[in-house]
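Novice: Quick one, fold the following:
(4 chains)
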There are 2 protein chains.
Amino acid sequence: MQTQAQVRSANLAAVLGHLRDDGPRSRARLATDTGLTKATVSSLVGELVDRGLVAEGELHRPGSVGRPGTLVELDGRGVCGIGVEVNVDYLAVLVLDLAGAVRWQDRLAVDTAALPPAQVLARASAMIWQARTEHPAVGVTVAFPGGVQGSVVRTAPNLPRWVGVDVAAGLAGQRLPVTVANDADLSALAEWSAGPHAHVADLVYLTGEIGVGGGVVTGGRLLRGSTGLGGEIGHLALTPGDEPCGCGRRGCWETVVGLAALLRAAADPGDPLRDPGRDLEDRLAEVRARARAGDARTLAALADIGTGLGVGSAVLVSLFDPAVVVLGGYFAVVGEFLLDPLRAALAARVEDADRVVLSTLGFTAAVRGGAHVALQPVFSDPTTVPLMEAYA
Amino acid sequence: MQTQAQVRSANLAAVLGHLRDDGPRSRARLATDTGLTKATVSSLVGELVDRGLVAEGELHRPGSVGRPGTLVELDGRGVCGIGVEVNVDYLAVLVLDLAGAVRWQDRLAVDTAALPPAQVLARASAMIWQARTEHPAVGVTVAFPGGVQGSVVRTAPNLPRWVGVDVAAGLAGQRLPVTVANDADLSALAEWSAGPHAHVADLVYLTGEIGVGGGVVTGGRLLRGSTGLGGEIGHLALTPGDEPCGCGRRGCWETVVGLAALLRAAADPGDPLRDPGRDLEDRLAEVRARARAGDARTLAALADIGTGLGVGSAVLVSLFDPAVVVLGGYFAVVGEFLLDPLRAALAARVEDADRVVLSTLGFTAAVRGGAHVALQPVFSDPTTVPLMEAYA
DNA sequence: GCTATTCGTTCGGTCGTTGCACTATTGTCT
DNA sequence: AGACAATAGTGCAACGACCGAACGAATAGC
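Specialist: Down below sits the predicted model:
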């Protein structure tokens, strides 16, 4: 009752993984790709069809002689993964189907810092229920801006009330597996799984918010420390500097390249950019507008940020030697003004500075990564999805 | 001809791994540990005995009722792994048996930098042959102080003639699988596999030579960049500083905490410690002697090194959050004078500064890690070892 | 229409694990 | 001393998964 089924699971997973990574293909092609026999692949595909995970598609004409093969492809209708993001001023939900298509998306402005966590989670749960009315979910992953152990928040610089909260417990009513993880980590996974640089072996993701977060994928796996590194990248002393940081120390990287640093450098205290009551995205949009208009001070501030990013990235690049460094969050929004000084600073310190690119996933990276993680168990062991009844 | 045998291999590996990690135990205990059936374990153990990998030991009395079990333990006589270290002024060889015991050890002073690589490898090969006369080897791993891709040296700051040399090709006459890897990486693996902190999930190893090397184990696996990070830790700008470095840049960590920096700070140019013709180990011993005698300047120099180590380690600790940071090389030799300032600097920046410890493996760490790597294939797939004939 | 070619399925065979029965060996209780 | 309980290890039939070869199916080209 052990290894027999494990072999089956592993082979089902191999077939499913090939279909995900290399696209639809015939059974015969799957056989040569996986090294299994045509007979075995037929049996495996049959079981995956019964579980609602794959479906037969069109005939495949290879343009040459011989009987055309029947394309087998992932069946998106079967199962979906749900990613939820709890952030300082909003909740977001995204539903990804097995084929990687976005099936549903929702966003709700919520003052997470002011409300009790339980109420926030109740709203998140309602959003999840709505998503589930149309999409069969197998799991939920919650992206949280802080350090998480198990499903309990350990550190949350911007949401101090959440420390100690068990996020999964707040969603237990869903009767679904709930995973909780750092938002930057999940964003890194999203870039690794779906972006234009999908499945590179090593990837570093940096996201600019008020602070700076980061996630690292090495050897195809997310790097986690014994407690989960998560938001710590922003609090490294990667660049010279002596600004006091909210964490109590001085010279943290995010005091140099965080959004707060940009606003401080780009505008004097009386400037509307420095108005703490104003929405951050508005202010960021204005920064970009000023830069596009050629405002010298704004451009200089952005160039300084870019240089700081380059100096700090040099350390990360030397350590991890990633194939690509992806910039997300506000870095991507004003990236056009950051990249040149960044690459210049990086090129002075490491060999290949062109590996720094801007994220194309925007602010959905975290939820997307969450949904991807929620689907992971299906790809690792397709037998977790129950067999469907045969309808005639 | 595919998955059937893979199941067998995986289960053989599971049994062998349990015996390595958790010590000798009875078949019944193995069955409950692995989740396999007693019958299956009996069969697996039988095959492992036939391959000369395990042997039956004494009876095991659990102190309670019932028939006592027969202990099954790793059989060291069967196969050995060989670790070879090519370093600037010596060659070293160490033979590890399956049970993790050191079976043989040798060291030869060789001016590697002056001789042609082929000649050095010929001497190494002779040392390996001598080791093999008594110990049946399944593989050789060469530790090299530089960056390695495949078996070809890519960077070698202290052995420039070796760049481009295919080290495995120089040992092809052995007719054994030859692996080549960075010496610090292998040392990190050695600490992870054998030291007092064996099998912690995350471990950072730092070694002080003329430069500074490092290896990182995260999630039980050695961290490698797309090209192999290896010696790059020494060339990160982890601490403030502006000294020119041999790599062409300024402010590299090893200009602050490398052995060269220590000697510079501890003695004036005329001092015998600064005599470039003198053996480094001699000079290092003299540094330690002066420190133990209470020489103020030496102690101050060591304290500065310790502080620099602490500041730089803070970045590594924050990034990787390892359970332990192991100091090897010269750091371990004079560690008694480094640890206090190091921990002070580290404690100011991260939570747990006590995780920094000194290596107990000394200068054999690299060869030990190499031998461990050479044995790895046996533990991953025990069927690679041929069946032995039955002697009556 | 015939052949070559490729696709997918059917069927017997091999192999490894399982579950149970059975023997072996020891401690404990009467 | 003898019976009983408990634990260790092995033998055997059965099951499940994959493999290899053979077969029917579908298409292009002649």
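
Novice: How about the secondary structure of the residue in chain A that DNA strand C sits nearest to?
Specialist: Residue of chain A nearest DNA strand C, by C-beta to the nearest atom of the strand: A:Gly66 (2.1 Å). Every residue, glycine included, has its C-beta placed from N, CA and C. Secondary structure assignment for A:Gly66 (DSSP: H, G, I helix; E, B strand; the rest coil): coil.

Novice: Check it and give its pLDDT.
Specialist: Note on A:Gly66: pLDDT of 82.

Novice: ok, it to A:Arg221 distance?
Specialist: 40 Å (C-beta to C-beta, to the nearest Å).

Novice: before we move on, what about A:Ala143?
Specialist: Relative to A:Arg221, and taking C-beta to C-beta, A:Ala143 is found at 18 Å.

Novice: Same check on A:Val49?
Specialist: 30 Å.

Novice: ditto for A:Val140
Specialist: A:Val140 is 22 Å from A:Arg221, by C-beta to C-beta.

Novice: Could you check which of those two is surrounded by more residues?
Specialist: Looking at A:Val140 and A:Arg221 with other C-beta atoms under 10 Å in any protein chain shown, you find the greater number of neighbours at A:Val140, namely 27 against 14.

Novice: so what secondary structure elements neighbour whichever helix or strand the more buried one is part of?
Specialist: Per DSSP states H and E: A:Val140 is located in strand A:137-144. Applying 3 or more C-beta pairs under 8 Å, 6 or more residues apart in numbering or on different chains; DSSP states H and E, one finds that strand A:137-144 contacts strand A:80-86, helix A:117-134, helix A:167-170, strand A:178-182, helix A:183-194, helix A:365-380.

Novice: Following the chain past the fifth one, name the next helix or strand.
Specialist: Tracing the chain past helix A:183-194, the next element assigned as helix or strand by DSSP H and E is strand A:203-208.

Novice: which residues touch that next one?
Specialist: Here strand A:203-208 makes contact (C-beta atoms under 8 Å, 6 or more residues apart in numbering or on different chains) with A:183-184, A:187-188, A:191-192, A:197, A:212-217, A:233, A:257-259, A:309, A:313, A:316-317, A:320, A:322-331, A:359, A:365.

Novice: and what of stretch A:101-112?
Specialist: Residues from elsewhere that reach stretch A:101-112, judged by C-beta under 8 Å, 6+ apart: A:76, A:80, A:86-97, A:120, A:123, A:127, A:130-131, A:134-135, A:159, A:364, A:367-368.

Novice: And it, what's buried?
Specialist: Applying a neighbour-count criterion of 16 or more other C-beta atoms under 10 Å in any protein chain shown, one finds A:103-104, A:110, A:112 buried in stretch A:101-112.

Novice: Leaving out chain neighbours, which residue sits closest to whatever residue of the stretch 251-392 of chain A ends up closest to DNA strand D?
Specialist: Nearest residue of the stretch 251-392 of chain A to DNA strand D, counting by C-beta to the nearest atom of the strand: A:Thr383, 8.8 Å away. Distances taken as C-beta to C-beta, 6 or more residues apart in numbering or on different chains place A:Ser9 nearest to A:Thr383, at 5.2 Å, with adjacent residues excluded.

Novice: can I get the CA coordinates of the helix or strand encompassing that neighbour in PDB?
Specialist: Using DSSP H and E, A:Ser9 sits in helix A:3-22. Provided in PDB are the C-alpha atoms of helix A:3-22 (Å, rounded to 0.1, in the frame of the first residue of the first chain):
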ATOM      1  CA  THR A   3       5.500   2.300  -3.000                       C
ATOM      2  CA  GLN A   4       3.200   1.000  -5.600                       C
ATOM      3  CA  ALA A   5       1.000   4.000  -5.400                       C
ATOM      4  CA  GLN A   6       4.000   6.300  -5.100                       C
ATOM      5  CA  VAL A   7       5.300   5.200  -8.500                       C
ATOM      6  CA  ARG A   8       1.900   5.800  -9.900                       C
ATOM      7  CA  SER A   9       1.700   9.300  -8.400                       C
ATOM      8  CA  ALA A  10       5.200  10.200  -9.500                       C
ATOM      9  CA  ASN A  11       4.400   9.200 -13.100                       C
ATOM     10  CA  LEU A  12       1.100  11.000 -13.100                       C
ATOM     11  CA  ALA A  13       3.000  14.000 -11.800                       C
ATOM     12  CA  ALA A  14       5.600  13.600 -14.500                       C
ATOM     13  CA  VAL A  15       3.000  13.700 -17.200                       C
ATOM     14  CA  LEU A  16       1.200  16.600 -15.700                       C
ATOM     15  CA  GLY A  17       4.400  18.500 -15.300                       C
ATOM     16  CA  HIS A  18       5.400  18.000 -18.900                       C
ATOM     17  CA  LEU A  19       2.000  19.200 -20.000                       C
ATOM     18  CA  ARG A  20       2.400  22.300 -17.900                       C
ATOM     19  CA  ASP A  21       6.000  23.100 -18.700                       C
ATOM     20  CA  ASP A  22       6.200  22.100 -22.300                       C
END
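
Novice: and that helix, what other elements does it pack with?
Specialist: Other elements packing on helix A:3-22 under the criterion 3+ C-beta pairs under 8 Å, 6+ apart are helix A:27-34, helix A:38-50, strand A:54-60, strand A:69-74, helix A:365-380, helix B:3-22.

Novice: For these, which has the smallest mean pLDDT value?
Specialist: Across the helices and strands packed on helix A:3-22, strand A:54-60 gives the lowest mean pLDDT, at a mean of 83.

Novice: so that one versus strand A:69-74, what angle?
Specialist: 140 degrees (axes from the mean of the first three to the mean of the last three C-alpha atoms, to 10 degrees).

Novice: so how far is A:Leu44 from the residue nearest to A:Thr383?
Specialist: Counting by C-beta to C-beta - A:Ser9 and A:Leu44 are separated by 10 Å.

Novice: from what I can see A:Arg77 touches A:Gly52, true?
Specialist: Yes. Assessed by C-beta atoms under 8 Å, A:Arg77 is found in contact with A:Gly52 at 7.3 Å.

Novice: Tell me which residue lies nearest the centroid of chain A.
Specialist: By C-alpha atoms, centre = their mean, chain A has its centre lying nearest to A:Ser187, at 2.3 Å.

Novice: With adjacent residues omitted, what lies nearest to it?
Specialist: A:Ala365 (3.7 Å).

Novice: residues touching that neighbour, list them.
Specialist: A:Ala365 neighbours (C-beta under 8 Å, 6+ apart): A:186-187, A:190-191, A:205, A:207, A:328, A:359.

Novice: got it, and A:Ile128?
Specialist: Residues counted as contacts of A:Ile128 (C-beta under 8 Å, 6+ apart) are A:82, A:84, A:93, A:137, A:140, A:171, A:174.

Novice: Next, work out how far apart the fifth one and A:Ala371 are.
Specialist: In this case it means A:Val140. Note on A:Val140: its distance to A:Ala371, by C-beta to C-beta, is 9 Å.

Novice: Would you mark the buried spots in stretch A:76-94?
Specialist: Within stretch A:76-94, the residues scored as buried using 16+ other C-beta under 10 Å are A:76, A:78-88, A:91-94.

Novice: and the angle for the longest helix seen in chain A with helix B:296-320?
Specialist: Ranked by number of residues, the top helix in chain A under DSSP state H is helix A:296-320. Between helix A:296-320 and helix B:296-320, the angle comes out at 100 degrees (the same axes, to 10 degrees).

Novice: And helix A:296-320, what does it pack against?
Specialist: Where contact means 3+ C-beta pairs under 8 Å, 6+ apart, helix A:296-320 is packed against strand A:203-208, strand A:212-218, helix A:254-257, helix A:259-266, helix A:280-292, strand A:324-329, helix A:335-347.
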